[in-house]
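*Asks:* What follows is a predicted structure for the sequence shown.
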Amino acid sequence: MTSLAPLLQAFFTDRLVTQRHSSPHTIASYRDTFTLLLGYVCAENGKAPSALAISDLDADTVTGFLHHLEAVRGNSIRTRNARLAAIHSLFAFAALRHHEHAGVIQRVLAIQSVRMHRNTVSWLDAAEADALLAACDQGTRTGRRDHAMFTLMIQTGLRISEVIGLTVADIHTGVGAHVHCLGKGRKERHTPMLRATATVIGGWAAENGGPPDGPLFTTSTGGPLSRDAIEHRIQQAKTRAATCCPSLTGKRVTPHTLRHTAAMRLLHAGVDITVIALWLGHEQLSTTNIYLHADMTLKDA
């Protein structure tokens, strides 16, 4: 056995679970990152996963993996940076245990995230949002799940991590319909649901079943959806929707696009920016102000 396998085991059990008390979503996100990374490395060098060593994950390999995420898998910069953050966390942990690999570890930790242009906001107008939802084939279970999930994301503006972490018990469709979620920093938030949204989500929850603490949006085998899976389903729906809504052609639509859509709808409805910040779970009002700037830019165009 190489040093990589026990390192990964200790990272998940000691670092994430025991020391950091990481949420199930964080653990799942890190698991997905290393599943993708090890799969990429094995395909590149022909080794079996059990034969990989820490030295196989050098800076050039990690950089190649990050490029693979963007160029081949079509992941967003946000997802690319999230994967890199997980890798950095593992290597920072390894630095305390494997001094013999200090050079490799230092070079991986030196890989920088890609700067995101926060002032660029893309959202769906009413016709585009309707087309995206209509592109979900509600004659199938997967289509009904996607329709319910996209409906919730467009109306509530939940982050993709928050959607993944939703359980059946987090949905309240009666009087005062709302969705409960754990946002960044494990802060709780209750976001109102419109009656139409509550009806769609209630129908999906009834069809999908599951225990109260089980995931709301599941795969065909009953497990929670991954970040990559949701991004892929949105891209597939967008491609189909573009055939009847030409403005979607060439437009990048991501989970954050749906979050932006919710924010812009609230803004155009006259909701105060401070309320929108609370709705979206922003800690800084300056983060929410990007929607004001985007709206003013659109009006000046």
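*Replies:* The structure has been received and is ready for your questions.
*Asks:* Next, count neighbours for residue 223.
*Replies:* Neighbour count of residue 223, defined by other Cβ atoms under 10 Å: 12. Any C-beta I mention is one placed from the backbone N, CA and C, and that applies to glycine too.
*Asks:* ok, now how distant is residue 85 from residue 130?
*Replies:* In this view, residue 85 and residue 130 are 35 Å apart by Cβ to Cβ, to the nearest Å.
*Asks:* list the buried ones in the helix ranked longest in the chain?
*Replies:* Longest helix in the chain by number of residues (criterion: DSSP state H): helix 24-45. Neighbour-count burial for helix 24-45 flags 25-26, 28-30, 32-34, 36-38, 40-42 (criterion: 16 or more other Cβ atoms under 10 Å).
*Asks:* contacts for it?
*Replies:* 8, 12, 16-17, 22, 47-49, 52, 56-57, 61-62, 64-65, 68-69, 82-83, 86-87, 89-90, 161, 164-165, 182, 224, 226-228 (Cβ atoms under 8 Å, 6 or more residues apart in numbering).
*Asks:* Just give the nearest non-adjacent residue to residue 251, would you?
*Replies:* Distances taken as Cβ to Cβ, 6 or more residues apart in numbering place residue 122 nearest to residue 251, at 7.0 Å, with adjacent residues excluded.
*Asks:* sorry, that was for residue 249
*Replies:* residue 242 (4.6 Å).
*Asks:* Is that neighbour in contact with residue 248, as I believe?
*Replies:* Yes - assessed by Cβ atoms under 8 Å, residue 242 is found in contact with residue 248 at 4.1 Å.
*Asks:* Overlap in contacts, these two.
*Replies:* Common contact partners of residue 242 and residue 248 (Cβ under 8 Å, 6+ apart): residue 131.
*Asks:* Tell me which of these two has more neighbours.
*Replies:* The neighbour comparison of residue 242 against residue 248 (other Cβ under 10 Å) goes to residue 248, with 22 against 19.
*Asks:* give me phi/psi at the closest residue to residue 183 other than its chain neighbours?
*Replies:* The shortest distance from residue 183 to any non-neighbouring residue, by Cβ to Cβ, 6+ apart, is to residue 281 (4.0 Å). Residue 281 adopts backbone torsions of phi 80, psi 30, taken as degrees, to the nearest 10.
*Asks:* residues in contact with residue 281?
*Replies:* Counting by Cβ under 8 Å, 6+ apart, residue 281 touches 159, 162, 183, 184, 187, 189.
*Asks:* Which pair of those spans the longest distance?
*Replies:* Pairwise distances across those (Cβ to Cβ) peak at 11.8 Å, for the pair 159 and 187.
*Asks:* Name the residue in those two with the higher neighbour count.
*Replies:* residue 159 (17 against 10).
*Asks:* Does that one touch residue 183 like I think?
*Replies:* Yes - proximity of residue 159 to residue 183 meets the contact threshold set by Cβ under 8 Å, at 6.9 Å.
*Asks:* ok so, going back, from the contacts of residue 281, pick the one nearest residue 138.
*Replies:* residue 162 (24.0 Å).
*Asks:* who does the one helix or strand that closest one maps to touch, helix- and strand-wise?
*Replies:* In the assignment (DSSP states H and E), residue 162 maps to helix 160-165. Packed against helix 160-165, as judged by 3 or more Cβ pairs under 8 Å, 6 or more residues apart in numbering; DSSP states H and E, are the following elements: helix 24-45, helix 141-156, strand 178-182, helix 227-241, helix 255-268.
*Asks:* what angle do the second one and strand 178-182 make?
*Replies:* Looking back up the chat, that one is helix 141-156. Using axes from the mean of the first three to the mean of the last three Cα atoms, to 10 degrees, the inter-axis angle of helix 141-156 relative to strand 178-182 is 90 degrees.
*Asks:* what do you get for the fourth one?
*Replies:* With the same axes, to 10 degrees as the basis, helix 227-241 and strand 178-182 are set at 140 degrees to each other.
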